[in-house]
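A.B. asks: following is a predicted model, sequence given first.
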Amino acid sequence: AQKVTQAQTEISVVEKEDVTLDCVYETRDTTYYLFWYKQPPSGELVFLIRRNSFDEQNEISGRYSWNFQKSTSSFNFTITASQVVDSAVYFCALSPYSGTYKYIFGTGTRLKVLA
Amino acid sequence: DAGITQSPRHKVTETGTPVTLRCHQTENHRYMYWYRQDPGHGLRLIHYSYGVKDTDKGEVSDGYSVSRSKTEDFLLTLESATSSQTSVYFCAISDDPGLAGEDTQYFGPGTRLTVL
């Protein structure tokens, strides 16, 4: 079965705190892609990152970083020194490389950053 | 930003009426998708298209049909809307993954549909 679990429904932090959003996935495919999207209060879905299953290097982009661990089937997202503008719903998604290119989304984590 | 528009952006309709949502892209991407977003469910795939007149069902296709007569347009039709189809609908596009299988999907702004 293909599944993405985002166990944290909602997280609240105070500005400048670091926060980690968890994503655990299930797939039997050996080749797959993982994604994170951001949905700010305005409602659009913004692509943040794509990672393929053969690349376990962590990635950093400004205040954002991603930790991919195949051993624990996790692809966690950390925001360092959070800001109010980071307040959004964040979705993790899995795309098994099975020729259909369908995404399986998690249910999302709502992050509230308080000033 | 990928050139994706959705129309209408908001619609209120009554149970039993037909509704068509339109997704238009200017990126000439091969793949197009329709998702619905509901609280507690994330995004779920309704239908997708892998070329003109080539479509397939997704996870929650019952009650929906789609058509793609041109590369740039992907239509989602609710033949007889029900209250359970009240949702936010997103269109997405992706380019041909090619050998690398890279298929990042880019999303439109969404359509909020309310069925009374």
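C.D. replies: Done, it's in. Owing to the predicted nature of the structure, the values given are computational and were not obtained by experimental measurement.

A.B. asks: show me where chain A has its strands.
C.D. replies: For chain A, the strands defined by DSSP state E cover A:3-5, A:10-14, A:19-21, A:24-26, A:32-39, A:46-52, A:59-61, A:64-69, A:74-79, A:88-96, A:104-105, A:109-114.

A.B. asks: the third one packs against which elements?
C.D. replies: If contacts are counted by 3 or more CB pairs under 8 Å, 6 or more residues apart in numbering or on different chains; DSSP states H and E, strand A:19-21 sits against strand A:10-14, strand A:74-79, strand A:109-114. Where you see a C-beta, it was placed from the backbone N, CA and C, and this is true even at glycine.

A.B. asks: mind doing that once more with 7 Å?
C.D. replies: strand A:74-79, strand A:109-114 (3 or more CB pairs under 7 Å, 6 or more residues apart in numbering or on different chains; DSSP states H and E).

A.B. asks: correct me, but residue B:40 touches residue A:107?
C.D. replies: Yes: contact criterion CB atoms under 7 Å: residue B:40 and residue A:107 qualify, at 6.1 Å.

A.B. asks: find the residues that touch each one of those two.
C.D. replies: Residues within reach of residue B:40 and of residue A:107 at once, by CB atoms under 7 Å, 6 or more residues apart in numbering or on different chains: there are none.

A.B. asks: so between the two, which is more surrounded?
C.D. replies: residue A:107 (19 against 7; other CB atoms under 10 Å in any protein chain shown).

A.B. asks: quick check: buried residues in the helix or strand of chain A with the lowest mean pLDDT?
C.D. replies: Least confident element among the helices and strands of chain A, by mean pLDDT, DSSP states H and E: strand A:59-61 (a mean of 88). Within strand A:59-61, no residue is scored as buried using 16 or more other CB atoms under 10 Å in any protein chain shown.

A.B. asks: does it come close to chain B?
C.D. replies: No: judged by CB under 7 Å from any CB of the partner chain, strand A:59-61 stays clear of chain B, getting no closer than 14.7 Å.

A.B. asks: adjacent strands (with direction) for that strand?
C.D. replies: Here strand A:59-61 has these sheet partners by DSSP bridges: strand A:64-69 (antiparallel).

A.B. asks: may I see the helices and strands packed on strand A:19-21 arranged in a markdown table, with mean pLDDT as well?
C.D. replies: Converted to a markdown table, those look like this (pLDDT from 0 to 100):
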| stretch | mean pLDDT |
| --- | --- |
| strand A:74-79 | 97 |
| strand A:109-114 | 97 |
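
A.B. asks: got JSON lines for these, with distance to residue B:62 too?
C.D. replies: JSON lines is the format used below for the helices and strands packed on strand A:19-21 (distance: least, CB to CB, whole Å):
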{"stretch": "strand A:74-79", "distance to residue B:62": "31"}
{"stretch": "strand A:109-114", "distance to residue B:62": "29"}
